[in-house]
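*Asks:* Sequence first, predicted coordinates after that:
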Amino acid sequence: MRPAEIAQLIDGTSDPAFAVDGLGCIAAWNGAAAETMGIDPADAIGRPCYKVVRGTDDNGEICSRNCMVLRAAKHRQPVGNFDLRIDTPKGKEWFNVTAIIADVNGSKRPYTVHILRFVDLYKRLEVLLRDFVLNKTNIPPENVNEIFSSATTAGRDAGLTNREIEILHSLEKGSSSAAIGKVLGISPATVDNHIQHILKKLSAHTRVEAVLRAEHAGLL
C-alpha cells in the first residue's frame, strides 16, 4: 500500500482511527479520532503516537516510546485487541483497540492502523463487578484477577519468554535478583538483564508494576 491509501482507508472509517508509521509517529488521523480525542489532525500527524494518545490501563501508562504494538509490528506479529483508557473532552474513557499491521511502499517497517471502539460503560461495569466479587465472595484475589483477565489487555501480547515468565513468578514472591539467580543457576547480573527486558516489554517502570501488569494480563 501507499501512504495515501492508508490515509484514505483511515478517512473512510466511521470509528475513531489513526495510522502510525514504522518509527512510531502518527501518519494519518481521521475526523472521528479528532472529535473523540479533541485533537486536530494538524496537531497529531507527525508527532510520536505515545505523546498524542497517552493511553493507560488499570495499572497505569501503556503508551510508550517502545510500545507493544510497535514491537509486534516490527516483527510482523499479529496483535490481539486490547482496552485502552484515553483522555477525551469528556474525561478519561475506555476504548477497545484493534491494531492492523500494513506494509507500506517505501517503508522498511510496516505501519499500524488503529481502530477504536467505545467500551467505557462495559469497562465501568466490569470494574464494579470485579470489586463486588473481591469484596463479597471468598474467591482469592489472584483467582478473581484471572477470571477478569482476557484478551482485552495489552500485556497479553507482550511476547515474554518462558524464562521471563519464570522470573516474573519469582518477582511476584518478592525474591531478589541474587535469590532468583541462585535458584535458576544464573548470575544476578543476568537476572537483572532479564528483568530489564520484562520491564520494557510490559511498559513498566518498576518490578512491582511489572508484576501487577502481568497479573492483570493473566500471565501469572
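*Replies:* Noted; the coordinates are in hand.

*Asks:* how is this structure carved up into domains?
*Replies:* For the chain, automatic domain parsing gives the domain ranges 3-119, 123-216.

*Asks:* need the ones you listed in a markdown table with mean neighbour count and mean pLDDT, can you?
*Replies:* C-beta coordinates here come from the backbone N, C-alpha and C atoms, glycine included. Putting the domains of the chain into a markdown table (neighbours: other CB atoms under 10 Å; pLDDT from 0 to 100) gives the following:
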| stretch | mean neighbour count | mean pLDDT |
| --- | --- | --- |
| domain 3-119 | 18 | 90 |
| domain 123-216 | 16 | 78 |
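
*Asks:* Which strand runs longest in this structure?
*Replies:* strand 91-102 (DSSP state E).

*Asks:* Off-centre distance for that one?
*Replies:* Remark: strand 91-102 is offset 10 Å from the chain centroid, using CA atoms, centre = their mean, to the nearest Å.

*Asks:* now stretch 66-84
*Replies:* Put simply, stretch 66-84 sits 8 Å off its chain's centre (CA atoms, centre = their mean).

*Asks:* first to last residue in it, what's the distance?
*Replies:* Stretch 66-84 has an end-to-end distance of 16 Å (CA to CA, to the nearest Å).

*Asks:* what angle do the longest helix anywhere in the chain and strand 91-102 make?
*Replies:* Criterion DSSP state H: the longest helix present in the chain is helix 120-136. Put simply, helix 120-136 runs at 110 degrees to strand 91-102, going by axes from the mean of the first three to the mean of the last three CA atoms, to 10 degrees.

*Asks:* Against which helices or strands is the longest strand of the chain packed?
*Replies:* Other helices and strands packing on strand 91-102, by 3 or more CB pairs under 8 Å, 6 or more residues apart in numbering; DSSP states H and E, are helix 68-74, strand 82-88, strand 111-118, helix 120-136.

*Asks:* try 6 Å
*Replies:* strand 82-88, strand 111-118, helix 120-136 (3 or more CB pairs under 6 Å, 6 or more residues apart in numbering; DSSP states H and E).

*Asks:* ok, which stretches of this protein are helices?
*Replies:* Going by DSSP H, the chain shows helices at 3-11, 31-37, 41-44, 49-53, 68-74, 120-136, 141-148, 162-172, 177-184, 188-201, 207-216.

*Asks:* Export the ones you listed to a markdown table and append columns for distance to Phe95.
*Replies:* Shown next, in a markdown table, are the helices of the chain (distance: least, CB to CB, whole Å):
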| stretch | distance to Phe95 |
| --- | --- |
| helix 3-11 | 16 |
| helix 31-37 | 8 |
| helix 41-44 | 16 |
| helix 49-53 | 10 |
| helix 68-74 | 14 |
| helix 120-136 | 8 |
| helix 141-148 | 18 |
| helix 162-172 | 27 |
| helix 177-184 | 37 |
| helix 188-201 | 22 |
| helix 207-216 | 17 |
